[in-house]
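1. Coordinates only, no sequence provided:
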């Protein structure tokens with residue numbers, strides 16, 4: 001009788017192993033009220049502990065940010081408190097840094113306080129003209145340099161619209177007009193620099209991103225011969241919505257398989273009309289990112305649909321994937337404080353080619369925006385360097401999408417494949433680390449046949 005009980009137990013175990021993959025994914029996401037509290041804590045910390053140093057480094061003692069409702073400067077969107085979803089009417093923020101006294105004033109030339117940090121400094125009943133009120137604030141403080149958000153090459157630092165720019169200049173005295181400078185360096189510093197509070201949140205956000213990809217690349221979602229790449233894309237979109245999050249770009253899923261030629265970079269990045277039925281033996285690739293409490297992720301990973309009788313990813317694909325990891329290592333060890341994006345790009349590509357790799361590197365800043373401001377390390381169609389944005393140097397406490405690919409010849413398939421990877425990486429204390437690990441092997445997608 002005892003041996004029959006053991007056999008029955010083993011049978012049940014085998015049956016359970018053949019069912020849907022176990023749920024290893026967990027999602028711990030704050031409710032709206034707690035998200036708002038966290039966002040306000042992060043903004044408070046940035047205003048009080050980060051901004052003064054950024055203003056000193058940029059040699060700007062007054063920063064003026066001007067926006068109108070529904071036509072916001074990208075910078076002001078990162079400064080508004082949780083209960084302000086947009087600017088109101090015309091909202092003018094003034095940050096005045098007195099380095100000698102080690103103080104920073106945060107004023108709003110607006111009818112209301114902007115959260116708890118920025119106090120209203122305009123009494124419309126006493127001074128009906130908003131520009132005159134701003135001009136008086138400037139005259140009273142007599143700054144040396146007045147920074148405004150105008151920039152030819154960095155879109156996120158170019159948020160001051162022409163009408164506001166012209167009216168602002170008209171309101172100033174001749175002397176104060178001479179003090180106007182571009183706040184480009186300050187604006188980029190504000191956008192690209194991450195605080196310890198933000199990095200704690202970022203680790204959670206990247207983990208959530210990885211968990212969604214793990215679930216998408218599983219037999220919970222994929223039925224070979226039936227599920228299409230677009231089915232997986234819309235499953236991901238729906239999952240993000242159900243979790244109460246947002247996608248910052250429409251995700252993509254694409255396929256590489258043994259009997260189809262490797263497609264061009266342009267096709268890989270646009271993927272127009274690329275809806276394919278997923279089959280056993282397919283090498284899948286996703287490009288996916290989400291937004292949460294003012295931060296964004298951007299991630300590319302690979303999965304493989306196991307064929308009948310396969311228990312693991314074929315070794316030739318596993319070896320190809322290692323070449324992608326190696327290119328990541330070359331890039332991230334080349335990243336050094338003060339080096340420009342172009343220097344990092346060209347040094348990394350040179351080393352990769354010496355090792356026999358066929359690399360392409362196109363890593364970008366990541367943070368408040370998916371394609372954020374800061375050091376640009378190549379673009380997929382600019383592998384010889386990126387003018388201006390690639391000349392911007394690497395700073396500590398910044399986050400990047402470590403995005404790249406390596407082309408690998410696969411003898412077994414008699415063709416090339418492209419290993420395309422992207423992971424959030426943090427650069428601080430002069431060195432790189434992944435925000436929440438990286439993919440180091442292709443995800444096997446186990447199917448019940």
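-> Ah, there it is. Not measured: the values here are computed from a predicted model.
2. residue boundaries of the strands in the stretch 151-300 of the chain?
-> Along the stretch 151-300 of the chain, counting by DSSP state E, counting those that start in this stretch, strands occupy 180-182, 246-247, 252-256, 283-288, 290-292, 295-296, 299-305.
3. Including distance to residue 398, mean pLDDT and mean neighbour count, could those go into TSV?
-> Using the backbone N, CA and C atoms, a C-beta is placed for each residue, glycine as well. Formatted as TSV, those follow (distance: least, Cβ to Cβ, whole Å; pLDDT from 0 to 100; neighbours: other Cβ atoms under 10 Å):
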stretch	distance to residue 398	mean pLDDT	mean neighbour count
strand 180-182	21	97	18
strand 246-247	23	94	16
strand 252-256	26	95	22
strand 283-288	22	97	24
strand 290-292	18	95	22
strand 295-296	13	96	25
strand 299-305	18	98	24
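4. out of those, which comes closest to residue 68?
-> Residue 68 lies closest to strand 180-182 among the strands of the stretch 151-300 of the chain, at 19.7 Å (Cβ to Cβ).
5. Show me what that closest one is packed against.
-> Applying 3 or more Cβ pairs under 8 Å, 6 or more residues apart in numbering; DSSP states H and E, one finds that strand 180-182 contacts strand 146-148.
6. For the strand it packs on, report the contacting residues that lie outside it.
-> Contact partners of strand 146-148, identified using Cβ atoms under 8 Å, 6 or more residues apart in numbering, comprise 58, 60, 62-64, 66, 138, 160, 165, 168, 176, 179-183, 186-187.
7. Quick check: can you name the pairing partners of that strand and their directions?
-> Within its sheet, and counting by DSSP bridges, strand 146-148 is paired with strand 62-68 (parallel), strand 180-182 (parallel).
8. mean confidence score for that strand?
-> When pLDDT is averaged over strand 146-148, the result is 98.
9. Surely residue 403 is in contact with residue 425?
-> No: contact status for residue 403 versus residue 425: not in contact, 9.9 Å apart, counting by Cβ atoms under 8 Å.
10. does residue 424 sit in a helix, a strand or a coil?
-> Secondary structure, DSSP: H, G, I helix; E, B strand; the rest coil: residue 424 is strand.
11. Show the pLDDT at residue 267.
-> pLDDT, residue 267: 63.
12. For residue 403 and residue 425, indicate the residue with more neighbours.
-> residue 403 (26 against 23; other Cβ atoms under 10 Å).
13. and that one, what does it touch?
-> By Cβ under 8 Å, 6+ apart, the contact set of residue 403 is 298, 300, 361-364, 421-422.
14. now with 6 Å?
-> Residue 403 makes contact with 362-363, 422 under the criterion Cβ atoms under 6 Å, 6 or more residues apart in numbering.
15. Just the mean pLDDT for stretch 52-61, thanks.
-> pLDDT averaged over stretch 52-61 gives 96.
16. Run through the neighbouring helices and strands of the helix or strand residue 34 falls within.
-> Using DSSP states H and E, residue 34 falls within helix 32-45. Counting contacts by 3 or more Cβ pairs under 6 Å, 6 or more residues apart in numbering; DSSP states H and E, helix 32-45 is packed against helix 196-216.
17. what's the helix it packs on in contact with?
-> For helix 196-216, the external contacting residues (Cβ under 6 Å, 6+ apart) are 25, 27, 42, 45, 232, 236, 239, 286, 290, 292-293, 295, 297, 299, 301, 424, 435-436.
18. go with 8 Å
-> By Cβ under 8 Å, 6+ apart, the surrounding residues in contact with helix 196-216 are 24-29, 38, 41-42, 45, 194, 221-222, 232, 235-236, 239-240, 243, 245, 253, 286, 288-290, 292-293, 295, 297, 299, 301, 367, 399, 423-424, 426, 435-437, 443.
19. again with stretch 41-48
-> Outside stretch 41-48, the residues that reach it (Cβ under 8 Å, 6+ apart) are 79, 81, 104, 106, 115-118, 190, 195, 197-198, 201, 293-294.
20. Only the buried residues of stretch 225-235, if you could.
-> 227-229, 231-233, 235 (16 or more other Cβ atoms under 10 Å).
21. any idea how far residue 173 lies from residue 167?
-> Counting by Cβ to Cβ, to the nearest Å, the gap from residue 173 to residue 167 is 15 Å.
22. just to revisit the earlier point, dump the strands paired with strand 146-148 to TSV, plus distance to residue 311.
-> Output for the strands paired with strand 146-148, formatted as TSV (distance: least, Cβ to Cβ, whole Å):
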stretch	distance to residue 311
strand 62-68	57
strand 180-182	59
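23. For residue 333, which of those is the nearest?
-> Proximity to residue 333 (Cβ to Cβ) singles out strand 180-182 among the strands paired with strand 146-148, at 33.9 Å.
24. Any idea how far the closest one is from the middle of the chain?
-> Here the centre of strand 180-182 is set off from its chain's centre by 28 Å, with Cα atoms, centre = their mean, to the nearest Å.
25. Give me the contacts around it.
-> Contacts to strand 180-182, defined as Cβ under 8 Å, 6+ apart, come from residues 60, 145-148, 150-151, 157, 169, 172.
26. now swap in stretch 327-343 and tell me
-> Contacts to stretch 327-343, defined as Cβ under 8 Å, 6+ apart, come from residues 344, 347-348, 351-352, 355, 357, 359, 361, 363, 375-378, 385-386, 389-396, 402, 404-406, 421, 423, 425, 427, 430-432, 438.
27. Return the set of buried residues in it.
-> For stretch 327-343, by 16+ other Cβ under 10 Å, it's 327-328, 330-332, 334-335, 339-343.
28. measure residue 438 to residue 395 for me?
-> 22 Å.
29. Comparing these two, which shows the higher neighbour count?
-> Counted by other Cβ under 10 Å, residue 438 and residue 395 do not tie: residue 438 has more neighbours, with 21 against 18.
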